[in-house]
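Student: 3D, please:
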Amino acid sequence: MVSVCIATYNGEKYLRQQIESILPQLSIEDEIVISDDCSTDRTVEILKVFNDERIKIFVNESNQGVVENFENAIKQSIGEYVFLSDQDDVWEPNKVETIKQLLQTYDFVSHNAEIINDEGERQGVDYFSVRKTKYGYLNNLWKMGYLGCCMAFNRKCLTDILPFPKGILWHDMWIAAILHLKYKGTISELCLINYRRHDSNLSTSSEKSEYSLFFKIKYRSVMLFHSLGRYWKNFYGRGEYTL
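Tutor: Numbers count the residues shown, from 1 in each chain. Model (predicted):
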């Protein structure tokens, strides 16, 4: 069973196109788990119009922010294969089957993406080329080369991924760090989604970082502490690591 986890917030502009690119790839047993962060637009209404039992909607009682919203979506999932998705991209028709095949061999997969603009026009560049993506824990701790919306993993990984540490800024960096420390993964050069970049994106993952060098070093030190602490506690059963 596949669980596609989406964190939504005021996503009415592109959400229908995204859901329409995902649903045909899912079986009747699969699910799309939506955690909505108190949207004030028609996001929830659009989801309900699909009238599809595979779409499961959970609305937060108060605004939680991107990281906590994704964590809630993941917690609500029940599938053996967990796919992360943004609310404004478009999946290629072969994404689910391609990744499911890879997850027979690997515990987690991160794939490439074609960058598109507001209007869905391809920009002639892929995400891995922009970020100079490399596989590995240290590579992605220093310069995150994966997109959360291009990641999928086996359910057993949730034992170590959840709960997210308090105060982290990027759920995908945390997930990548934990997965690399224990699990067998791979990256695929296949562009299996069209990754939309526009003014209202909640992340700036394909642009030059606005953060100072000091902040980057400090934040990565925090991620190093949390990920190795989780590794030490969960993988060796030692220590008094707390979130």
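Student: longest strand of this protein?
Tutor: Counting residues, the longest strand found in the chain (DSSP state E) is strand 185-196.
Student: Next secondary structure after it?
Tutor: helix 213-230 (DSSP states H and E).
Student: Give me the sheet partners of the longest strand of the chain and which way each runs.
Tutor: As defined by DSSP bridges, the strand partners of strand 185-196 come to strand 90-91 (antiparallel), strand 108-116 (parallel).
Student: Tell me how many other residues crowd residue 213.
Tutor: Using other C-beta atoms under 10 Å, residue 213 is surrounded by 8 other residues. For every residue, glycine as well, the C-beta is placed using N, CA and C.
Student: so for stretch 87-105, what's the average pLDDT?
Tutor: Mean pLDDT, computed over stretch 87-105, is 98.
Student: Endpoint to endpoint, it covers what distance?
Tutor: 28 Å (C-alpha to C-alpha, to the nearest Å).
Student: repeat for stretch 156-175
Tutor: Stretch 156-175: ends 13 Å apart by C-alpha to C-alpha.
Student: quick one: the residue nearest the centre of the chain from residue 73, how far?
Tutor: Centroid check for the chain by C-alpha atoms, centre = their mean gives residue 148 as the closest residue, at 2.9 Å. Separation of residue 148 from residue 73 (C-beta to C-beta, to the nearest Å) stands at 11 Å.
Student: what sits against residue 140?
Tutor: 134, 146, 173, 176-177, 180 (C-beta atoms under 8 Å, 6 or more residues apart in numbering).
Student: hmm, 10 Å instead?
Tutor: Counting by C-beta atoms under 10 Å, 6 or more residues apart in numbering, residue 140 makes contact with 110, 131, 133-134, 146, 172-173, 176-177, 179-180, 187, 223.
Student: Can you turn the buried subset of these into a selection I can paste into PyMOL?
Tutor: One line in PyMOL is enough to select the buried ones among the contacts of residue 140; burial here means 16 or more other C-beta atoms under 10 Å:
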select buried, resi 110+131+133+146+172+173+176+177+179+180+187+223
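Student: Would you point out the most distant pair within the contacts of residue 140?
Tutor: Pairwise distances across these peak at 19.5 Å for 187 and 223 (criterion: C-beta to C-beta).
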